[in-house]
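Colleague: Compute the structure for the input listed below.
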Amino acid sequence: MLPGARPAQASTPTAPTPAASPIADLLPQWAQVPGWRLVTVVAVVLIGAYLSKYVVRLLGRPVARRFHRQSVAQTVLRLIRILVVVFAAAFGARLAGFQLGNIVLSVTVFSAVLGIVLAPIVGSVINGIFLLADQPYEIGDMIELDDGTRGFVEEINLRYTKIFTLENTFLVIPNASIRERDVTNYSAEDERTRLSLNILVTYESDLAAARRLIERAASDVDVVIEGGPDIRIGSARYPAKPTCYIESYADHGVLLDLRYWAKKPYKLGTVRSLVQTRLWDLLAESDANVEFAYPHQHLVFDETSGSARVSIERDGTAPAAPDSAATRVRDGDGDGPD
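Modeller: Numbering: from 1, shown residues only. Down below sits the predicted model:
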């Protein structure tokens, strides 16, 4: 040891002092029970959640004027509410003395586990952003899924789409799932919907009169577009008034196809029923030679058809005895009557 040198002293590690809490000086010693920091954070978060309602109510009108689409406006208001709660949680953590390093460490530890658990939710959120950007449907639109389910869009958020079905049930579909399905939107831009009705009349009917009556039946219904300029769909134009075409010459009659436009797509079944009811009444009132066709068959017997017995009732009297010479043919021999 050099002269004048002081002997080295062994240094002992000191425990890290907890971070000072701004609220610790305000609380009495008896109130600082174990877990008081967590209670402080929870209390501040609850206050933030309560205040977020007033913030959303205050910003509701400006956001609605800024974003014309209701789904986007609702999503923005939800994000504002979440941000208010997050800021409240951060403020509560700061009051309780939690440091950013501790929070980052906790997030790092649980990020792998939470990433696996929240992967479907994150996927739905990403798809929700695409839904809001692509605008395939909007709140209040009537849509039909690829499985035939119809309903009105009740809510669109970043995670799921809620549909109020025509069967008076709620259908909640994750956005990741609904983007992979075929969705028909009946309310997009133009609500007018074209419908068709097939009607089979007999070959003996007056086709011109039948077509006029069918077109008139649709025109007499209030919810059907009676006429006007042609309706344009893409580069094609279709007549707005009800039009009846000859579809085909079928086995049991002439198949006519009525094409007409409904003003609203919400009660298509009711519209079809009204048109068919009106057509039934018109045929009953009209003297035109128009009859509905139905499947029927004609049986023809000749000398090669075997034998058959036929009895005919005349004026309610007893059946006349069949003429054996006219109605009996030997079974399969083709030799004529006995």
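Colleague: Give me the residue ranges of the stretch 51-200 of the chain where confidence is low.
Modeller: Low-confidence segments of the stretch 51-200 of the chain (pLDDT under 70): 68-72, 95-123.
Colleague: the helices in it, which residues?
Modeller: 70-96, 100-117, 119-134, 175-178 (DSSP state H, counting those that start in this stretch).
Colleague: what's the burial count for V290?
Modeller: V290 has 23 neighbours, counted by other CB atoms under 10 Å. For every residue, glycine as well, the C-beta is placed using N, CA and C.
Colleague: residue contacts, it?
Modeller: Counting by CB atoms under 8 Å, 6 or more residues apart in numbering, V290 makes contact with V201, S205, D206, A209, A210, L213, L283.
Colleague: again, only this time at 6 Å
Modeller: S205, D206, A209, A210 (CB atoms under 6 Å, 6 or more residues apart in numbering).
Colleague: before we move on, what SS does it have?
Modeller: At V290, secondary structure determined by DSSP: H, G, I helix; E, B strand; the rest coil is coil.
Colleague: measure it to A250 for me?
Modeller: 16 Å (CB to CB, to the nearest Å).
Colleague: Repeat that for E144.
Modeller: Taken as CB to CB, the span from E144 to A250 is 29 Å.
Colleague: Same drill for these two, tell me which one is more crowded.
Modeller: Counted by other CB under 10 Å, E144 and A250 do not tie: E144 has more neighbours, with 16 against 12.
Colleague: can I see the domain layout of the protein?
Modeller: Domains of the chain are assigned by automatic domain parsing as 29-117, 135-185, 193-285, 298-338.
Colleague: now, which of the contacts of V290 sits nearest R309?
Modeller: The shortest approach to R309 among the contacts of V290 belongs to S205, at 34.8 Å (CB to CB).
Colleague: In three-state terms, label that closest one for me.
Modeller: With three-state DSSP as the basis, S205 sits in coil.
Colleague: what's it in contact with, if anything?
Modeller: Neighbouring residues of S205 by CB under 6 Å, 6+ apart: N289, V290, E291.
Colleague: What number of neighbouring residues does the first one come out with?
Modeller: What it means is N289. 13.
Colleague: Would you check that it makes contact with D206?
Modeller: Yes: at 4.6 Å, N289 counts as touching D206 under the criterion of CB atoms under 6 Å.
Colleague: hey, where'd the strands end up in the chain?
Modeller: In the chain, the segments counted as strands under DSSP state E are 142-144, 150-156, 160-165, 170-174, 184-185, 193-201, 231-233, 236-238, 243-249, 254-262.
Colleague: Reformat these as JSON lines; add distance to L51.
Modeller: Listed next are the strands of the chain as JSON lines, based on distance: least, CB to CB, whole Å:
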{"stretch": "strand 142-144", "distance to L51": "37"}
{"stretch": "strand 150-156", "distance to L51": "24"}
{"stretch": "strand 160-165", "distance to L51": "27"}
{"stretch": "strand 170-174", "distance to L51": "29"}
{"stretch": "strand 184-185", "distance to L51": "38"}
{"stretch": "strand 193-201", "distance to L51": "46"}
{"stretch": "strand 231-233", "distance to L51": "50"}
{"stretch": "strand 236-238", "distance to L51": "55"}
{"stretch": "strand 243-249", "distance to L51": "61"}
{"stretch": "strand 254-262", "distance to L51": "48"}
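Colleague: Nearest approach to A133 belongs to which of the ones you listed?
Modeller: Closest of the strands of the chain to A133 is strand 150-156, at 11.9 Å (criterion: CB to CB).
Colleague: just so I know, which of the strands of the chain lies nearest V42?
Modeller: Shortest distance between V42 and these, using CB to CB, is found for strand 160-165: 28.0 Å.
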